[in-house]
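Colleague: Pasting the sequence and the predicted coordinates here, then a few questions.
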Amino acid sequence: MLQNAYDVTIIGGGPVGMYAAFYAGLRNLKVKIIDALPELGGKLKAMYPEKYIYDIPGFEKIKANDLVKQLAKQMNNLSEKITLVLNERVDYVRRRDDDQILEICTEQACHYTKTVLITAGKGAFQPRTLGLANEKKFLNIHYYVKDIEQFRDKRVAIFGGGDSAVDWANMLTDVAKKVTIVHRRNTFRAHEQSIKQMMDSTVNVLTPFYAQDLSGKDGFVSEIIVQNSETKISKALEIDEVIVLYGFLSALGPIENWDLTLEEHSLLVDSNQQTNILGVYAAGDSCIYPGKVKMITCGFGEAVVSINSIYRYLNPTLRNIPVYSSALKKN
Ligand SMILES: Cc1cc2nc3c(=O)[nH]c(=O)nc-3n(C[C@H](O)[C@H](O)[C@H](O)COP(=O)(O)OP(=O)(O)OC[C@H]3O[C@@H](n4cnc5c(N)ncnc54)[C@H](O)[C@@H]3O)c2cc1C
């Protein structure tokens with residue numbers, strides 16, 4: 001078991017977890033990164049992929065999506081040392097009886113590791129739903145868009161009024177048979193240029209409407225009743241696919257029950273980023289200490305401190321000289 005255990009398992013593949021995985025690889029640690037979502041990037045990918053970030057050192061501005069791409073590229077340079085596990089939400093971490101190995105379990109599997117770094121932000125994201133009682137039984141209601149081709153020649157209803165909803169409405173006009181966007185307010189909260197593009201396109205725009213009822217059979221919704229919140233007039237939409245882009249809810253959830261010391265729903269760490277449990281560290285939006293600032297660049301710094309602390313923990317007899325990457329890499 002000890003031979004197969006990873007040196008460090010990182011829970012959460014947001015920007016901080018991604019950078020920590022790279023840095024752990026750079027320090028020759030065997031690292032695994034686990035995320036509940038189908039792709040890496042955390043909040044940047046799920047909440048604001050098309051927004052520019054202006055406070056990343058060395059970049060005048062960079063789109064959140066592009067920062068994630070750069071972090072992935074940097075990680076991929078050390079891909080032989082980094083194992084990636086997606087679509088698995090960690091439910092608990094516990095120390096095994098032999099006391100040397102930590103067991104991290106998800107619904108699908110258990111993973112074994114000598115140390116854990118929690119970079120889970122504010123917890124696993126769950127998409128906001130339409131809030132209708134029978135919603136869960138339909139298979140053609142989507143909360144993420146993974147493959148645009150699945151909407152080819154279909155009648156698609158998109159629910160939402162933010163950047164994701166407007167961007168997908170625009171992108172699907174060339175692919176789908178018909179695109180309808182349904183938004184509960186009169187105005188969209190998206191990039192001005194994207195809204196104009198959508199308004200000038202064939203997209204059927206329904207505002208201020210919300211979903212009132214769903215019907216269909218064999219697990220596929222085929223009709224949605226939407227109601228105008230001002231006039232109270234309802235109409236039926238015949239559809240093949242539904243995309244709900246109402247954003248995400250996040251909560252530390254199971255992490256709050258791991259006997260870790262919490263402050264303001266965050267994990268209290270010391271100056272080594274160590275939690276109250278030996279071998280368990282935290283960085284990024286998950287952690288708190290006096291003066292903590294919840295920003296990407298601070299999270300990157302905490303990732304470096306965490307991995308160096310983990311390195312020292314795993315190699316107590318080695319002299320821990322800070323390793324400069326400029327001294328490590330030959331090209
Ligand atoms: C709209 C918006 C704009 C922002 N703009 C800026 C900005 O301009 N500059 C800036 O510095 N910061 C900005 N931030 C804050 C920044 O996004 C966060 O500080 C950053 O995302 C924190 O990164 P993280 O890796 O710690 O956590 P996150 O990005 O939250 O990633 C956490 C990851 O952990 C995963 N996870 C959680 N629980 C589990 C579990 N139990 N099992 C498996 N996986 C799990 C989640 O799925 C997620 O992928 C902004 C935030 C928002 C919402």
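Modeller: Perfect, I can see it now.

Colleague: For the residue of the stretch 51-200 of the chain at minimum distance from the ligand, which three-state class applies?
Modeller: Residue nearest to the ligand within the stretch 51-200 of the chain: Gly121 (2.1 Å; C-beta to the nearest ligand atom). Just so you know, the C-beta spots here come from the backbone N, C-alpha and C atoms, and that holds for glycine as well. What DSSP: H, G, I helix; E, B strand; the rest coil gives for Gly121 is coil.

Colleague: Now do the SS call for the residue lying closest to it once chain neighbours are set aside.
Modeller: Excluding its sequence neighbours, the residue lying closest to Gly121 (C-beta to C-beta, 6 or more residues apart in numbering) is Asp285, at 4.3 Å. Per three-state DSSP, the local secondary structure of Asp285 is helix.

Colleague: tally of neighbours for Asp285?
Modeller: 26 (other C-beta atoms under 10 Å).

Colleague: which residues touch the closest residue to the ligand within the stretch 151-300 of the chain?
Modeller: Relative to the ligand, the nearest point of the stretch 151-300 of the chain is Gly284 (2.3 Å; C-beta to the nearest ligand atom). By C-beta atoms under 8 Å, 6 or more residues apart in numbering, the residues touching Gly284 are 12, 14-17, 119, 121, 299, 302-303.

Colleague: if you set the cut-off to 6 Å instead, what comes out?
Modeller: Contact analysis of Gly284 by C-beta atoms under 6 Å, 6 or more residues apart in numbering lists 16, 119, 299.

Colleague: need those in JSON lines with pLDDT, neighbour count and distance to Glu192, can you?
Modeller: JSON lines is the format used below for the contacts of Gly284 (pLDDT from 0 to 100; neighbours: other C-beta atoms under 10 Å; distance: C-beta to C-beta, whole Å):
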{"residue": "Val16", "pLDDT": "98", "neighbour count": "31", "distance to Glu192": "31"}
{"residue": "Thr119", "pLDDT": "97", "neighbour count": "30", "distance to Glu192": "34"}
{"residue": "Gly299", "pLDDT": "98", "neighbour count": "24", "distance to Glu192": "31"}
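
Colleague: Please list which of the residues you listed are also close to the ligand.
Modeller: Restricting the contacts of Gly284 to those within reach of the ligand (C-beta under 6 Å from any ligand atom) leaves 16, 119, 299.
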